[in-house]
Each structure stands twice: as C-alpha cells, then as structure tokens.
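Student: Below is the sequence, then the predicted model.
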Amino acid sequence: MHGHYLSGGFNTTNNEGADILSMWWYSRNLRIFNNILKTRFSSEDRIMILFGNGHIPILKHCFQSSPEFEVVELKALLK
C-alpha cells in the first residue's frame, strides 16, 4: 500500500530516492512500533492498533516478527 512512494522522485540514478525513503518512511514506522512497545501492557492484555492503510504492512511485519505478539485480524474476531 505504499507504492506511490516508489514512483516519481524515488527513481534516481544515485539512489537518493531509495535512501531518503528508507530513512524517512521505514524509520517513521519503526518509531510508531517503538512507541507502542513503550506502552505498559501485560501478556494477557489485548491491544488494537488503528493506523492508516499505508502504515499497516510495515507495522504488521513488525508485530508478526516480534515473539512478544500474536497478530489477530479484526475480521477473525468479528465472526
């Protein structure tokens, strides 16, 4: 869902577009994930994260990669 970041100014011959995108966009999402980790919660707590669709792929990857979390899609809870 972040394809629009991969067009336009991204395509540069000296990789400046890739460097700027990786430093800015990925860092922004890692900072969001880190702020969530700073929240005090127990292993029994459930948390719900609401973010724009462009953030979800990276945040979901962070949560799925962390052994501290089990990702459960909202649609699975609504059945």
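Tutor: Cool, the structure landed.
Student: Quote the end-to-end distance of stretch 12-20.
Tutor: Using CA to CA, to the nearest Å, the end-to-end distance of stretch 12-20 comes to 11 Å.
Student: now swap in stretch 63-71 and tell me
Tutor: 7 Å.
Student: Give the rounded mean pLDDT of it.
Tutor: Per-residue pLDDT over stretch 63-71 has a mean of 91.
Student: element containing Leu21?
Tutor: In this assignment (DSSP states H and E), Leu21 forms part of helix 16-21.
Student: quick one: contacts for the residue nearest to the spatial centre of the chain?
Tutor: By CA atoms, centre = their mean, the chain has its centre lying nearest to Leu59, at 2.2 Å. Applying CB atoms under 8 Å, 6 or more residues apart in numbering, one finds that Leu59 lies in contact with 29, 32-33, 49, 51. Backbone N, C-alpha and C define where each C-beta goes, glycine included.
Student: from those, which would you call buried?
Tutor: Neighbour counting by 16 or more other CB atoms under 10 Å classes 29, 32-33 among the contacts of Leu59 as buried.
Student: So which bits of stretch 29-38 are buried?
Tutor: Buried, per 16+ other CB under 10 Å, within stretch 29-38: 29, 32-33, 36.
Student: what's downstream of the helix holding Leu21, the next helix or strand?
Tutor: In N-to-C order, the element after helix 16-21 by DSSP H and E is helix 27-37.
Student: What's the mean pLDDT across that following helix?
Tutor: 92.
Student: re earlier: separation between the residue nearest to the centre of the chain and Glu16?
Tutor: 26 Å (CB to CB, to the nearest Å).
Student: same check, this time on Phe51
Tutor: 27 Å.
Student: from the chain's centre, how far out does stretch 72-79 sit?
Tutor: Per CA atoms, centre = their mean, to the nearest Å, the displacement of stretch 72-79 from the mean C-alpha position of its chain is 19 Å.
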